[in-house]
Structures are given as structure tokens and as C-alpha cells.
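S.K.: Dropping the sequence and predicted coords here.
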Amino acid sequence: MPFTIATWNINSVRLRLPLLQSFVRRYQPDIICLQETKCRNDQFPEKAIRALGYEHIALNGQKGYHGVATLSRFPFIQTSVMHFCGKGDARHVTVMLDPSGNGAPAHIHNFYVPAGGDIPDPDQNEKFAHKLGFIEELRNWSNALNRGNGANILVGDLNIAPLPEDVWSHKQLLKVVSHTPVETEGLTAVLEEGGWTDSVRQHIPAPEKLYTWWSYRARDWSASDRGRRLDHVWIHAEHAEKVRGISVLREARGWDQPSDHVPIIATVDG
DNA sequence: ATGTCGTGAAGGTCACGA
């Protein structure tokens, strides 16, 4: 049986709990990977989320910033969190589950890569240095990953728009953090060396423009449409055909009190 | 392109991160 996985940078799970509830009622994903939950684990609205049908919740939160959570209708066989760049930042959680019960459990890796600040120079900007360091550690982790029998699926807000068609203007964003060559080449190296497939672009190929984030600062986000594709769904190439469909919920940017990111939903053969 | 958000600690607004 196919199952669905959503990834969504929700920009505060407590503020947007009503939005999460209406998202669930409308789309009923089996697994939801959230980023920027912005709360400690003991502040996470677990009861409300269990009431939505997600009995299994893996948390890696911290006060005020960052934070990831994976919500599931299926039980976890195992969960783990990693810390990158010698920091305690809450930017990763992996869950292992077996939706089809076929003994080949899937690993779902949920990431929130540092945004990287404004100046794209690691010598002038510690946040950009942190972002590059994080990508390097992600690459090492990905290259060393034990693949096992089941699929590995990597999702989240990677804060990098790798392709020219992943931003509203390739030329105008080459010096803007999220689309600089050192970032796009770094992320592409993680993808290629790790043997991953970019499932979103497999289903919605370039040169079609595709975005998952639009700034809050635009007067009219939809009319100006100056977006970036910062959120991703990857699967190892040998399992790529298991991803049957991808939908990027652009409409979610127009919901009341929206996140600046929209959800992506992947349908996966179990 | 500096416009808008969310959080936290104040303290009835601001600094910070995005």
C-alpha cells in the first residue's frame, strides 16, 4: 500500500496548530516532517497532534529557534537525533518505520539546514560558515550511510535552491545566500556522491520554475512570485521509482497567517 | 530588496533570527 509523507517548514508549530489541523483534514498525510517548530519538546502540542491521528511523535526541539518533529500514523521502530557542527542546535531527527510490514523498514531523515545569514562570505559571516560546515558534515554522513534493505528518504528545509529554475532569477540571486555557487555545488555534491535522487525534480523537471518559499516581505507574494525552492524530498536512486507522486502545495502560501514555506507531499510505494 | 514575520525578555517595545 502506498503511503504519503509531507515535509513542511511550519514556522512555529504552536502558532500554526490550527493551520496544521486544517492541512491534515484536507490532505491526510501518513507522516509529517516539520521544521522550525520553535519550541522545547515539553511545549510541543503532542495531545492535539495525537488527536489528529498521529500517535507516534519524534521530537528534537529547543527554545525559540529551529526545531524539527516527525509525526506518524505508523509506529517507530527506532528514532535518533544527530548534532552537527559541534552545536546543540535542533536540526535533525531520523525515524525508522515499516509502513507495509514487509520487513524492509524505511528511514526518514528530517533536516533543517542553517539559513546562513545575509553575507555569503564565511570569513565575514559566522552563520554562513556554519551553513557550509553543516553541508560538509551532511555530505560525510550521507556518504557513510548504511543503506540496508529499505528506502532512505531525506526531507526538509535544506535552505538551498540548487537549480537555476529553483529561483525567480538565477542571475540576480547568484550572490544571495541560498543560491550562491558554493552552496548549490555543495548540496549537489551531497546529492550525487550519496546516490540520491531529487524526487521533486524527477516529477516536476526543470526548466519548469518551482518554488516552496516566498518571502513575507513581498507586497503580493503571488503576483511578484519571487520564490525559491528551499524544501526537498530525496530518495536513494535504487528506490527512486517508489516515489509515485509529488505535490507542492503552492496554495498554502495564501492561507490565513501562513508559513513562508509550503508543504510538499510525496506518495511512496510501501 | 530591507518591505514581514515569530520568539523571548522585558515591561507596554525591542533585539535577534529568518
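M.R.: Yep, that arrived.

S.K.: tell me which element the spatially most central residue of chain A falls in.
M.R.: For chain A, the residue lying nearest the average C-alpha position, counting by C-alpha atoms, centre = their mean, turns out to be residue A:156 (1.0 Å). Assigned by DSSP states H and E, residue A:156 belongs to strand A:152-157.

S.K.: go on, residue A:197?
M.R.: strand A:196-198.

S.K.: Which elements pack onto that strand?
M.R.: Using 3 or more C-beta pairs under 8 Å, 6 or more residues apart in numbering; DSSP states H and E as the contact definition, the elements that strand A:196-198 packs against are strand A:231-236. No exception for glycine: its C-beta is placed from N, CA and C like everyone else's.

S.K.: What strands flank the strand it packs on, and is each parallel or antiparallel?
M.R.: Here the strand partners of strand A:231-236, with direction, are listed using DSSP bridges: strand A:152-157 (antiparallel), strand A:196-198 (antiparallel).

S.K.: Just send the ones you listed back as a markdown table, with mean pLDDT and distance to DNA strand B too.
M.R.: As requested, the strands paired with strand A:231-236 are exported to a markdown table (pLDDT from 0 to 100; distance: least, C-beta to the nearest atom of the strand, whole Å):
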| stretch | mean pLDDT | distance to DNA strand B |
| --- | --- | --- |
| strand A:152-157 | 98 | 8 |
| strand A:196-198 | 98 | 21 |
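
S.K.: Show me what from the stretch 51-200 of chain A comes close to DNA strand B.
M.R.: The interface of the stretch 51-200 of chain A toward DNA strand B, taken as C-beta under 7 Å from any atom of the strand, is made up of A:63, A:64, A:65, A:66, A:114, A:115, A:117, A:118, A:127, A:172.

S.K.: Reduced to three states, what does the last one come out as?
M.R.: Translated: residue A:172. Classification of residue A:172 into helix, strand or coil gives helix, according to DSSP: H, G, I helix; E, B strand; the rest coil.

S.K.: Now do the nearest residue to residue A:159 once chain neighbours are set aside against residue A:246, distance only.
M.R.: Leaving out its chain neighbours, the residue that sits closest to residue A:159 by C-beta to C-beta, 6 or more residues apart in numbering is residue A:113, at 4.6 Å. In this view, residue A:113 and residue A:246 are 20 Å apart by C-beta to C-beta, to the nearest Å.

S.K.: quick one: which of these two has more around it?
M.R.: The residue with more neighbours, out of residue A:113 and residue A:246, is residue A:113; 23 against 17, by other C-beta atoms under 10 Å.
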